[in-house]
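J.: 3D model of this:
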Amino acid sequence: MIENGEKGQQSETKNADYSVFRDSPLRYLGYANEVGESFRFQFPRFVKPSYAVSFGYCFMDSVYNGYRTWTTFDNTPTKLGARSKEFQTIVAMGDTLLWQTLASVLIPGAAINLIVKATRMAVSRSPLVIPSLVVTWLPTSVGLSSIPFIIQPIDHGVDYFLDSSIRAWMAEDTNRDKDVDTKS
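T.: Take a look at the predicted model:
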C-alpha cells in the first residue's frame, strides 16, 4: 500500500516527466510531413506546409525542453558534468531539436516518400488492368498505413546514432574538462 507521501512523490515525478509535446495529442503534429508526403501526388501544394508544421513542432518541443531545463536547474552534476545553467539549457535544446529533426521530420519523410514512390511505380507497371481510382489512391494508402510501423525503428535508430556520436562526444568533452580541472 502506498502512503500519502509516497503517492505525492510519484505524482510529482510523473508530472516532472510529462511533456506536453511528447505525451499529448500535440505529438501528432510531428507526423504532419509524413501525411504530406503520402498525399504528395494528389495535393503537391500540401507538402511544404506539412513540413512547416512538423518543423514548428520540433522547434517548440526544443524550446519547451530548454525551458524545463532552465526552470528545474539544481546545480547537481549530470552526464555533462557540473556545467552552467545556460550551457545545460542550450545542450538540452540542441539535443531535442536535432533528435526531433532527424526522428520526426527528415528520416520518416524520406522513408514515406520512397514507400509511396515505390508503390506508385509498382502499381503503374503492373501487367494487370487496375482501376484508375486504385492507381491514384493505393500508394497514398500504403504511405499512410506505413507510418505507425516506421516510427519506433526510426526513433531507436536515431537514439543509437546520437548516443554513439554527439552525446558520447559531449560526455567525453566533459570528462576531458574534469581531467584538466583536477590536474590544475
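J.: Please enumerate the helices of the chain.
T.: Assigned helices in the chain, in chain order: 4-17, 32-38, 47-71, 85-100, 107-124, 132-163, 166-183 (criterion: DSSP state H).
J.: Next, the angle from the longest one to helix 107-124.
T.: I take that to be helix 132-163. In terms of direction (axes from the mean of the first three to the mean of the last three CA atoms, to 10 degrees), helix 132-163 departs from helix 107-124 by 150 degrees.
J.: For helix 132-163, what is the distance to the chain centroid?
T.: Put simply, helix 132-163 sits 14 Å off its chain's centre (CA atoms, centre = their mean, to the nearest Å).
J.: circling back: please identify the most buried of the helices of the chain.
T.: Looking across those with neighbours counted as mean count of other CB atoms under 10 Å, the highest average goes to helix 32-38: a mean of 24. Placement of C-beta: from N, CA and C, glycine included.
J.: Mean pLDDT per helix and strand in this protein: which one sits at the bottom?
T.: helix 4-17 (a mean of 52; mean pLDDT, DSSP states H and E).
J.: Can you give me the pLDDT of K79?
T.: K79 is assigned a predicted lDDT (pLDDT) of 58.
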